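[1] Predicted model, plus sequence, below.
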Amino acid sequence: MMTLINIDHHTLARLANERSMQDTVAVGQPGGWFVEVDLNGTKGRLVSRRGAVRVFSRFETLARYLKQLGICLLYTSDAADDMQCV
């Protein structure tokens with residue numbers, strides 16, 4: 001079973017700078033997208049300052065945010081949990 005951790009903006013920026021992530025996934029859900037990263041067997045989800053998962057209402061906004069952090073080579077999107085994708 002894969003461990004799931006919360007990561008904040010500063011941690012994600014550091015991980016991106018150190019190139020410590022094996023994969024970055026934009027996960028679709030009702031209401032928007034959230035970021036999930038693979039840290040060699042541990043999944044990290046971007047959270048807000050208050051600890052809730054950071055949801056981007058538009059994919060373009062998420063893509064621009066990741067690009068500003070230097071995460072821009074390849075995106076994988078996952079909308080499989082969306083009820084309309086059954």
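    Thanks, I have the structure now. Numbering: from 1, shown residues only.
[2] The residue most central in space within the chain bridge partners, please.
    In the chain, the centroid-proximal residue (Cα atoms, centre = their mean) is residue 35; its distance is 1.3 Å. Counting by DSSP bridges, residue 35 forms beta bridges with residue 26.
[3] Residue 65 versus that one, what's the distance?
    Distance, residue 35 to residue 65, by Cβ to Cβ, to the nearest Å: 8 Å. No exception for glycine: its C-beta is placed from N, CA and C like everyone else's.
[4] Would you mind listing the residues touching both of these two?
    Residues within reach of residue 35 and of residue 65 at once, by Cβ atoms under 8 Å, 6 or more residues apart in numbering, are residue 56.
[5] Okay, strands next: where are they in this protein?
    Under the criterion DSSP state E, the chain contains strands at 3-7, 23-29, 32-38, 42-46, 76-78.
[6] now the ones you listed as JSON lines including mean pLDDT?
    Listed next are these as JSON lines, based on pLDDT from 0 to 100:
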{"stretch": "strand 3-7", "mean pLDDT": "94"}
{"stretch": "strand 23-29", "mean pLDDT": "86"}
{"stretch": "strand 32-38", "mean pLDDT": "92"}
{"stretch": "strand 42-46", "mean pLDDT": "94"}
{"stretch": "strand 76-78", "mean pLDDT": "59"}
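[7] list the buried ones in stretch 44-59?
    Buried residues in stretch 44-59, counted by 16 or more other Cβ atoms under 10 Å: 44, 45, 46, 47, 54, 55, 56.
[8] sorry, back to before: residues contacting the residue nearest to the centre of the chain?
    12, 24, 25, 26, 27, 45, 46, 54, 56, 62, 66.
[9] Check whether the third one really touches residue 34, as I assumed.
    Looking back up the chat, that one is residue 25. No: using Cβ atoms under 8 Å, residue 25 makes no contact with residue 34, being 9.2 Å away.
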